[in-house]
Structure formats: structure tokens, C-alpha cells
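Please find the sequence and the predicted model below.
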Amino acid sequence: VQLVESGGGLVQPGGSLRLSCAASGFTFSSYYMSWVRQAPGKGLEWVSDMAGDGGRTNYVDFVKGRFTISRDNSKSTLYLQINSLKPEVTSMFYCARDLTGLCGYDYWGQGTLVTVSS
């Protein structure tokens, strides 16, 4: 199993980014997938998840309306579109495979850093 995130970078407040997580080594469509972040000096925080068939999504309250999770099972890729970026979003973002749909993570990517600064 391998998860590889990309798409992070330095962006100005108000900007947008699309993060990607390329998965391999397992049947991608069979699993919930999640995005989890870690802000500087803080612990891990679940951000969003999506069911294997894309039929169910969940978000932490503070990102609702600004973040959109999606997946392309034909490409075994998970996405996170982040709009209206604010400095407090600055974090390392990780994708994780979720065995249960209830934060039962068994595999993680290496992360992609999102820095929001002017």
C-alpha cells in the first residue's frame, strides 16, 4: 500500500489549492479515504472523508463550504479542493486509508505542506 500526496505549496490568503493523493497497492474504491491535517505545534486533526463509492462525505465544521473532497476511482486518486484559504489553514495535510469510516486509519501518506501567507 502506498499513498502519495501532492499539490501543497505557498499560497496567499484568499487563494486556492487542490491537493491530490495517489493510491496504489490496494482496491481503492473499496475504502473510505480521509484527509487529516497537522498545524504547526498541534496534533492531528481529521478534516474530511469520503466513502469508497463517493456516495458519502463528511467535513469538520470549520471547513464546510470552503473545502471539497472528491475521488476518481478510475485513477485511484483522492482530492481536496481548498478555497478561500486563511493563514490558520497552514498545515501538513495527510491522506489516510480508513478501514472503518470512523477514523480507523491503517496507512498514511508522507504529507504535503500547505502554507498560507502573504
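Great, that's in hand.

Toward the C-terminus, what is the element adjacent to the helix or strand hosting Tyr107?
Secondary-structure assignment from DSSP states H and E places Tyr107 in strand 105-108. For strand 105-108, the succeeding helix or strand toward the C-terminus, using DSSP H and E, is strand 112-116.

Spatially, what comes nearest to the residue nearest to the spatial centre of the chain if we skip its sequence neighbours?
For the chain, the residue nearest the mean C-alpha position is Trp35 (2.9 Å; CA atoms, centre = their mean). Excluding its sequence neighbours, the residue lying closest to Trp35 (CB to CB, 6 or more residues apart in numbering) is Val47, at 4.4 Å. Every residue, glycine included, has its C-beta placed from N, CA and C.

got the contact list for the one you found?
Val47 is in contact with Ser34, Trp35, Val36, Arg37, Tyr59, Val60, Val63, Phe67, Leu80, Phe93, counting by CB atoms under 8 Å, 6 or more residues apart in numbering.

Would you point out the most distant pair within those residues?
The largest separation in these, counting by CB to CB, is between Tyr59 and Phe93 at 13.8 Å.

Look at these two and report which has more neighbours.
Phe93 (23 against 18; other CB atoms under 10 Å).

show me the contacts for that one.
When contacts are counted by CB under 8 Å, 6+ apart, Phe93 touches Glu5, Gly8, Leu19, Trp35, Val36, Arg37, Val47, Leu80, Gly111, Thr112, Leu113, Val114.

just to revisit the earlier point, counting neighbours, which bits of the strand or helix carrying the residue nearest to Trp35 end up buried?
Assigned by DSSP H and E, Val47 belongs to strand 44-50. Neighbour-count burial for strand 44-50 flags Leu44, Trp46, Val47, Ser48, Asp49, Met50 (criterion: 16 or more other CB atoms under 10 Å).

Direction included, what does whichever helix or strand comes after it pair against?
Next along the chain after strand 44-50, taking DSSP H and E as the criterion, comes strand 57-59. Partners of strand 57-59 in the sheet, by DSSP bridges, are strand 44-50 (antiparallel).

May I see the buried residues of the strand holding Tyr107?
For strand 105-108, the neighbour count (16+ other CB under 10 Å) marks Tyr105, Tyr107, Trp108 as buried.
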